[in-house]
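Peer 1: based on what follows, work out the 3D shape:
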Amino acid sequence: MSNIPEVLPEELVVGRGDPVYMAHGYLTKVPVPAILPFITAFTRPGDVVLDPFAGSGMTGVAAAALGRRARLSDISVLGRHIGSNYVNLVDADQLRKHANEVVGSVLDRLGDIYAVPCSRCQRGAQLSKTVWSIVVECGACRAQVNYFRSLGLANWHKPSMTCPSCLAGISARQPRRGEEPVLEYVSCACQPSQHEQPPSAQPLVAIDQLPYPRVEIEADRQMYKASALGKSGNTTVASFYSTRNLAVLTALRGEIEAIEDQALRSKLLFIFTSCLTRASKRYQWSRQRPLNAANANYYIAPVFYEWNVIDLFLRKVEAAIRSDDWIRQQLGRGTLFDRELDVTYEVGSADRLAQADASIDYVFTDPPFGSNLFYADMALFQEAWLGGFTDVAQEAVIDRGTRKARTASRYEELLTNALRECRRVLKREGHISMVFGNSSGAVWALVQRAVATAGLAIEPDRLVILNKGQRSVKGLASGFEHVATLDLIITMHPRDNVPPGFTPVKPSDLIAVATGLAERVPCATPSHLYLELLRHGIRSHWDLSQLDLRLVTTALRAQSWDIDERSGRLQRTLTPSSP
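Peer 2: Below is the predicted model of the structure:
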């Protein structure tokens, strides 16, 4: 008897704060709580779940937590490293013990590299983080201007920034000529909380002989031009770290690699790579609070943080322990090693799966969303430290202009072949659920064709909006910036007959349906409305190629719809007049 519910939720709202999600960063992770309902619905304990675009391995965690087996694969070397270690459950006391030993060895080698004098009591203190500023060249007098100090003199109002020498305007777009520390946050016994103080003298760290990653960021990578690396000169992975943090990270990696126990060594390396983005210069400063690291691009803000890597590492040890404990709680086991988790992760392309025909009970996957993100480019920052690299040529993405071979038609072919492979390895009664998000109708039409060509049928009653929560009103309002912030989970099953062609739809009909939905869906965001329109189009067997988010938002603005600044939701500002 099937355990599949008659109806899945119309919208699945999950947070991004569970211990597993927080233990390690990866682009566009689907939180485990979003996957659990689907595996529960479409499988039984002991069934085999496949994810051919496994990324950080969240499907494997969800499957293991529910007593299922998981077969994961991805072209990403970083993905395998992260996904394998999520289910590498180790003893917490042993992990802490080895982590502290590693840190002790690093401090023995480098000295107390984050020790600074306290400006208040003149005794020794520990540096928590340093604020650094770029130095730009004034376009008028060629003076070297500290961006942070110029911003402060302008009362933190960027348009008012001027050169202190000639009063010409200053901005971050002017040539960068260097970086300077401008502020420190330190912890000292003389008071219970961190305090600010002027920067201390920078430690002299000789790194020339250290085995740090000497990895170039090639000019043909998508993110090289997008982040203007040729202009900034940051064309190596090492250039994104301060000298001090580069030395500490190199020493940490060396000590971890010397650990004999394979499971502990691998888990500590997982913790190490979880620190790398925050430990880099890509963590943006703001007056109110840190703005987090730029994990989807190579951007170094005009003012950025240099964090204490030792503190980061030890905090991430505790985060990894919380993740392990959460998985154990889901398993309902009282001891560590009652049963080994049956989760495997292979590096391989989704269009050439190693599984046998009809060997998989269910597929849950989250493929790259066309041209939105370039996983291999961003994984380079971690993979440089791991010593293995994703094959960029195999990546299922659409380039925005640099790699002419990675076209939309190539992406469609890769996705079609991946879905065809999923159908081959799937049992006849099995299902495939795929997470997808894009603001382009052309990309959605591409997905439509790939599904049909692969011999699959979308189940119209099982189209679930995935809402991973928004971090800000700007995120909620971004629908009027023509960027979708929600995803759709499409569930499919094998079909034998060739489907008929999709029904063309006029832009005027799309606008009529969209505005009707805006009236009927209370308190919707633009992205909510777009997903509702996509769902309507799929159920109506429309050709989705015309369903651009831009078309929808432009039409709504023309009919006096706007965004509430506080909630980020659609609101009618005026009643449209009759023609």
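
Peer 1: any idea which helix or strand carries Lys21?
Peer 2: Wrong residue type there; residue 21 is Tyr, not Lys. Tyr21 is part of helix 19-23 when elements are defined by DSSP states H and E.

Peer 1: packing partners for that helix?
Peer 2: helix 309-331 (3 or more CB pairs under 8 Å, 6 or more residues apart in numbering; DSSP states H and E). To be clear about C-beta, it is placed using only N, CA and C from the backbone, and glycine gets the same treatment.

Peer 1: now do the helix it packs on: distance to the chain's middle.
Peer 2: 19 Å (CA atoms, centre = their mean, to the nearest Å).

Peer 1: look up how far Ala445 lies from Asn417.
Peer 2: As judged by CB to CB, to the nearest Å, Asn417 and Ala445 stand 18 Å apart.

Peer 1: show the average pLDDT along the one helix or strand Leu12 maps to.
Peer 2: Element membership for Leu12 (DSSP H and E) is strand 11-13. Confidence for strand 11-13, expressed as mean pLDDT, is 92.

Peer 1: relative to it, what are the paired strands and their orientations?
Peer 2: Partner strands and pairing direction for strand 11-13 (DSSP bridges) are strand 456-467 (parallel).

Peer 1: pLDDT below threshold where in the stretch 451-579 of the chain?
Peer 2: Residues of the stretch 451-579 of the chain meeting the criterion pLDDT under 70: 470-484, 498, 522-523, 565-568, 574-579.

Peer 1: show me where it has strands.
Peer 2: Assigned by DSSP state E, counting those that start in this stretch, the strands in the stretch 451-579 of the chain fall at 456-467, 487-494, 561-563, 570-572.

Peer 1: so which of those strands gets nearest Asp342?
Peer 2: Minimum separation from Asp342 across those (CB to CB) falls at strand 487-494, 24.1 Å.

Peer 1: in its sheet, which strands sit next to that closest one, and in what direction?
Peer 2: strand 426-436 (antiparallel), strand 456-467 (antiparallel).

Peer 1: in a markdown table, list these along with mean neighbour count.
Peer 2: Below are these laid out as a markdown table (neighbours: other CB atoms under 10 Å):
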| stretch | mean neighbour count |
| --- | --- |
| strand 426-436 | 20 |
| strand 456-467 | 18 |
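
Peer 1: could you break this protein into its assigned domains?
Peer 2: Split into domains by automatic domain parsing, the chain comes to 11-89+322-499, 92-315.

Peer 1: then stretch 382-395 to CSV, C-alphas only?
Peer 2: Taking Å, rounded to 0.1, in the frame of the first residue of the first chain, the C-alpha atoms of stretch 382-395 are listed here in CSV:
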residue,chain,number,x,y,z
GLN,A,382,37.8,25.9,-0.5
GLU,A,383,39.0,23.4,-3.1
ALA,A,384,42.3,25.3,-3.3
TRP,A,385,42.9,24.1,0.3
LEU,A,386,41.6,20.6,-0.4
GLY,A,387,43.9,20.0,-3.4
GLY,A,388,41.2,18.8,-5.8
PHE,A,389,39.1,20.8,-8.2
THR,A,390,35.7,20.6,-9.8
ASP,A,391,35.8,20.0,-13.6
VAL,A,392,34.4,23.3,-14.8
ALA,A,393,33.7,21.9,-18.3
GLN,A,394,31.1,19.5,-16.8
GLU,A,395,29.2,22.2,-14.9
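
Peer 1: outside of that stretch, which residues touch it?
Peer 2: Residues outside stretch 382-395 that contact it (CB atoms under 8 Å, 6 or more residues apart in numbering): 75-78, 81, 213, 215, 221, 237, 249, 253, 269, 272-273, 276, 349, 368, 374-377, 379-380, 406.

Peer 1: list only buried entries from those.
Peer 2: Buried residues within these, defined by neighbour count using 16 or more other CB atoms under 10 Å: 75-78, 81, 213, 215, 221, 237, 249, 253, 269, 272-273, 276, 349, 368, 374-377, 379-380, 406.

Peer 1: what about the residues you listed, which are in strands?
Peer 2: Using DSSP state E, no member of these falls within strands.

Peer 1: can you show me the helices along the stretch 51-200 of the chain?
Peer 2: Remark: helices assigned in the stretch 51-200 of the chain by DSSP state H, counting those that start in this stretch are 58-65, 77-86, 92-110, 147-153.

Peer 1: comparing those helices, which comes out most buried?
Peer 2: Mean neighbours per residue, mean count of other CB atoms under 10 Å, is largest over the helices of the stretch 51-200 of the chain for helix 58-65, with a mean of 27.

Peer 1: what angle separates it from helix 77-86?
Peer 2: Between helix 58-65 and helix 77-86, the angle comes out at 20 degrees (axes from the mean of the first three to the mean of the last three CA atoms, to 10 degrees).

Peer 1: packing partners for helix 58-65?
Peer 2: Looks like helix 58-65 contacts helix 32-42, strand 48-51, strand 69-74, helix 77-86, helix 309-331, strand 343-347, strand 360-365 (3+ CB pairs under 8 Å, 6+ apart).

Peer 1: please name the nearest non-neighbouring residue to Gly55.
Peer 2: Nearest non-adjacent residue to Gly55, counting by CB to CB, 6 or more residues apart in numbering: Gly79, 4.9 Å away.

Peer 1: I figured the one you found was touching Met58, is that so?
Peer 2: No: using CB atoms under 8 Å, Gly79 is not in contact with Met58, being 10.4 Å away.

Peer 1: okay, the closest residue to Val347 other than its chain neighbours: pLDDT?
Peer 2: In space, Val347 comes closest to Arg80 once its chain neighbours are excluded; the distance is 5.4 Å by CB to CB, 6+ apart. As predicted, Arg80 sits at a pLDDT of 97.

Peer 1: list the contacts for Arg80?
Peer 2: Ala54, Gly57, Leu72, Asp74, Tyr345, Glu346, Val347.

Peer 1: equivalent analysis for Leu331, please.
Peer 2: Taking CB under 8 Å, 6+ apart as the criterion, Leu331 is in contact with Ala64, Ala65, Gly67.

Peer 1: hmm, back to that, okay, the strands paired with strand 487-494 in CSV with distance to Phe389 next?
Peer 2: Shown next, in CSV, are these (distance: least, CB to CB, whole Å):
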stretch, distance to Phe389
strand 426-436, 26
strand 456-467, 30
